[in-house]
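1. Generate coordinates for the sequence data below:
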Amino acid sequence: MKEEETTLEGTGKKSPAKGDSEGLSLEEQVERIRRKRARSHDYSRARMVLNALFLALAAVGLGMYFFGSADHVPALCVIAAGMVLKVVEFILRIL
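-> Numbers count the residues shown, from 1 in each chain. I've put the predicted structure just below:
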């Protein structure tokens, strides 16, 4: 029984044997990557919450800074807390 030799679309090159782990089709490779990503941690929900908190703290801090008393220390503390949340969100993004 002769195996059919298929060519890769547009290249004219022969694709490796189907049973070969390195010779997976493009669809199979994409599916493998999707499964691998699904197994890894998904921080998108946590990132969205942290980003929303950062935006809220930044808005409150700017409001306190411009419309509050002459003492800007509390406003700067609120903005600094928002920046800490933004750094945590950034770390989750690169994980």
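2. Give me the residue ranges of this protein where confidence is low.
-> 1-21 (pLDDT under 70).
3. cutoff 80 now
-> The model of the chain has pLDDT under 80 over residues 1-22, 37-41.
4. Can you name the residues in contact with the helix or strand where residue 28 lies?
-> Following DSSP states H and E, one finds residue 28 within helix 26-39. By C-beta atoms under 8 Å, 6 or more residues apart in numbering, the surrounding residues in contact with helix 26-39 are residue 24. Heads up, the C-betas are built off the backbone N, CA and C, glycines and all.
5. and what of stretch 60-69?
-> Residues from elsewhere that reach stretch 60-69 (C-beta under 8 Å, 6+ apart): 72, 74, 75, 76, 78, 79, 82.
6. Could I get the contacting residues of the last one?
-> Looking back up the chat, that one is residue 82. 53, 54, 55, 56, 57, 58, 61.
7. how about 10 Å then?
-> Counting by C-beta atoms under 10 Å, 6 or more residues apart in numbering, residue 82 touches 50, 53, 54, 55, 56, 57, 58, 59, 60, 61, 62.
8. I'd like to know which of those are buried.
-> Buried members of the contacts of residue 82, counted by 16 or more other C-beta atoms under 10 Å: 50, 53, 54, 57, 58, 61.
9. Relative to the whole chain's centre, how far out is the helix or strand harbouring the last one?
-> The reference is to residue 61. Taking DSSP H and E as the criterion, residue 61 maps to helix 44-67. Here helix 44-67 is found 20 Å from its chain centre; the criterion is C-alpha atoms, centre = their mean, to the nearest Å.
10. Render the CA-only coordinates of that helix in PDB, please.
-> Output of helix 44-67 as PDB, limited to C-alpha atoms (Å, rounded to 0.1, in the frame of the first residue of the first chain):
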ATOM      1  CA  SER A  44      -7.100  38.300  31.400                       C
ATOM      2  CA  ARG A  45      -9.900  38.700  34.000                       C
ATOM      3  CA  ALA A  46      -7.500  39.700  36.800                       C
ATOM      4  CA  ARG A  47      -5.800  42.100  34.400                       C
ATOM      5  CA  MET A  48      -9.100  43.700  33.400                       C
ATOM      6  CA  VAL A  49     -10.000  44.300  37.100                       C
ATOM      7  CA  LEU A  50      -6.600  45.700  37.900                       C
ATOM      8  CA  ASN A  51      -6.700  48.000  34.900                       C
ATOM      9  CA  ALA A  52     -10.200  49.300  35.900                       C
ATOM     10  CA  LEU A  53      -9.000  49.900  39.500                       C
ATOM     11  CA  PHE A  54      -5.900  51.700  38.200                       C
ATOM     12  CA  LEU A  55      -8.100  54.000  36.000                       C
ATOM     13  CA  ALA A  56     -10.500  54.700  38.900                       C
ATOM     14  CA  LEU A  57      -7.600  55.500  41.300                       C
ATOM     15  CA  ALA A  58      -6.000  57.700  38.700                       C
ATOM     16  CA  ALA A  59      -9.200  59.700  38.100                       C
ATOM     17  CA  VAL A  60      -9.800  60.100  41.800                       C
ATOM     18  CA  GLY A  61      -6.200  61.000  42.500                       C
ATOM     19  CA  LEU A  62      -6.200  63.700  39.700                       C
ATOM     20  CA  GLY A  63      -9.500  65.000  41.000                       C
ATOM     21  CA  MET A  64      -8.100  65.300  44.500                       C
ATOM     22  CA  TYR A  65      -4.900  66.900  43.200                       C
ATOM     23  CA  PHE A  66      -6.600  69.600  41.200                       C
ATOM     24  CA  PHE A  67      -9.800  70.200  43.200                       C
END
